[in-house]
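J.: Here is a sequence with its predicted model. Questions after.
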2 protein chains.
Amino acid sequence: MNNTIRQLRKAKKLSQEELANLCQVTRQTINAIENNKYDPTLKLAFDMAFVLDTTVDKLFLYENTIYEK
Amino acid sequence: MNNTIRQLRKAKKLSQEELANLCQVTRQTINAIENNKYDPTLKLAFDMAFVLDTTVDKLFLYENTIYEK
DNA sequence: GAAAAATGTAAAATACTTTTTACATTACAG
DNA sequence: CTGTAATGTAAAAAGTATTTTACATTTTTC
């Protein structure tokens, strides 16, 4: 799942560690998510979006594998 | 984390099982999430939003415990 | 009201996320 | 160029989500 964390984080002049503290997780968690190692929990996704002043839908860019409607 | 799954699901006249199939998870997973037993993964949240024709931010209503900006 | 469909629930097993600790590399300021 | 801050990475342990199987209860339909 692609994301726009790095750009938004840098726009706010936050280090990974500062963002981690604001989201109450470790720096390694932010680093892993920013680098697409795994997806955050939904709660953390919301927390990151909140701190970065955006929405989950804008912060994470998911290409659906489900072709339905 | 509160959600609006049930209303949107019923608006589309889907059973939990049908929604589960469309999202490629089990009925129990949908049931548990709909009843707030636990939060879905971010991927499933996006899949559910897609199938229910909405966004993650509208489908899940998260009250931030983070007072920051 | 009986049958069928839908929903609720539970326990064990599996998979994934996060923490912790620790070290290595890269970027940046003086 | 040297020191410091920032970032990348790894392994083990703990926490959380999901599946599977199975059964119970509620709701709907006829």
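T.: Done, it's in. Residues are numbered from 1 along each chain as shown, chains lettered A, B, ... in the order given.
J.: Quick check: residues of chain A near DNA strand C?
T.: Within chain A, the positions near DNA strand C by C-beta under 7 Å from any atom of the strand are A:24-26, A:28-29, A:32-33, A:38-41, A:43-44. C-beta coordinates here come from the backbone N, C-alpha and C atoms, glycine included.
J.: Out of those, which is nearest to B:Tyr62?
T.: Nearest to B:Tyr62 among those: A:Lys43, at 6.9 Å, using C-beta to C-beta.
J.: and that closest one, that's in a helix?
T.: Yes: assessed by DSSP: H, G, I helix; E, B strand; the rest coil, A:Lys43 belongs to a helix.
J.: Would you mind measuring from it to chain B?
T.: 6 Å (C-beta to the nearest C-beta, to the nearest Å).
J.: Quick check, that residue in contact with B:Met1.
T.: Yes: A:Lys43 is within contact range of B:Met1, at 6.7 Å (criterion: C-beta atoms under 8 Å).
J.: any residues in contact with both of these two?
T.: Listed contacts common to A:Lys43 and B:Met1 are B:Asp39, B:Tyr62; contacts here mean C-beta atoms under 8 Å, 6 or more residues apart in numbering or on different chains.
J.: How far does stretch A:2-22 stretch from one end to the other?
T.: With C-alpha to C-alpha, to the nearest Å as the measure, stretch A:2-22 spans 22 Å from end to end.
J.: Give the buried residues for that stretch.
T.: Within stretch A:2-22, the residues that qualify as buried are A:Asn3, A:Ile5, A:Leu8, A:Arg9, A:Leu14, A:Gln16, A:Leu19, A:Ala20, A:Asn21, A:Leu22, counting by 16 or more other C-beta atoms under 10 Å in any protein chain shown.
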